[in-house]
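J.: Curious how this folds, go ahead:
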Amino acid sequence: MSITDLPAVNASLNFISTIFISAGWYFIRRNFWQRHIACMIVAVVSSSAFLTCYLIYHYYTGERSTHFSAGGAIATIYFTMLISHVLLAFVTLPLVVLTLIPVFSRRWDRHRRIAKWTMPIWLYVSVTGVLVYLMLYKWFPPANLALPQ
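T.: Okay, the predicted model is just below:
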């Protein structure tokens, strides 16, 4: 594996987070709290692995990262999604931490209160992370990444 493989790894980790955040929400809504806990542990671990890989990738690539090549309405959609994704990603880490802290002291009321905000934001960031990857690397790749015809 090389550094150029990390965007695909990151998208996969975001997808895993999306699946387990959704499953965790599904299970807690049905009072299957043990399944909820298992799903949320996987979501936290996969999101943590994503963050680690993301930082490593950007440390090594710096300004050489890929630029979006499509124009027009597609570019507007992409950059709108990217901006909202990045801004909410900055909020997600502290929210996840603040959601986990009450769990360790079994303060379910506090956990539930902040999780109502954390879950949809975290889910949005995970989903849009996958979409940003697909748009940037698969659907509209720049010329230097496009497959030869």
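J.: Neighbours of Leu136, how many?
T.: 22 (other CB atoms under 10 Å). For every residue, glycine as well, the C-beta is placed using N, CA and C.
J.: Number the residues from 19 up from this point.
T.: I'll keep to 19 as the first residue from here, and by that count the last item is Leu154.
J.: That one contacts Thr84, doesn't it?
T.: Yes: at 5.9 Å, Leu154 and Thr84 qualify as touching, with contact defined as CB atoms under 8 Å.
J.: Next, find the distance separating the residue nearest the centre of the chain from Asp127.
T.: For the chain, the residue nearest the mean C-alpha position is Ser144 (2.8 Å; CA atoms, centre = their mean). Relative to Asp127, Ser144 is positioned 26 Å away (CB to CB, to the nearest Å).
J.: before we move on, the earlier item: separation between the residue nearest to the centre of the chain and Trp126?
T.: 24 Å.
J.: Which neighbouring elements make contact with the helix or strand encompassing Ile139?
T.: Using DSSP states H and E, the secondary-structure element containing Ile139 is helix 126-151. Secondary-structure packing of helix 126-151 (3 or more CB pairs under 8 Å, 6 or more residues apart in numbering; DSSP states H and E): helix 24-47, helix 51-79, helix 90-122.
J.: show me what contacts the residue nearest to His129 when sequence neighbours are not counted?
T.: Leaving aside its sequence neighbours, His129 sits nearest to Pro120 (CB to CB, 6 or more residues apart in numbering; 4.2 Å). Pro120 makes contact with 126-129, 132 under the criterion CB atoms under 8 Å, 6 or more residues apart in numbering.
J.: Which pLDDT value belongs to the residue nearest to the centre of the chain?
T.: pLDDT for Ser144: 98.
J.: In contact with it, which residues?
T.: 32-33, 35-36, 39, 65.
J.: Save the residues you listed as a markdown table, and put in distance to Thr94, neighbour count and pLDDT too.
T.: Listed next are the contacts of Ser144 as a markdown table, based on distance: CB to CB, whole Å; neighbours: other CB atoms under 10 Å; pLDDT from 0 to 100:
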| residue | distance to Thr94 | neighbour count | pLDDT |
| --- | --- | --- | --- |
| Asn32 | 23 | 23 | 97 |
| Phe33 | 25 | 17 | 98 |
| Ser35 | 27 | 26 | 98 |
| Thr36 | 24 | 22 | 98 |
| Ile39 | 28 | 26 | 98 |
| Ser65 | 28 | 24 | 97 |
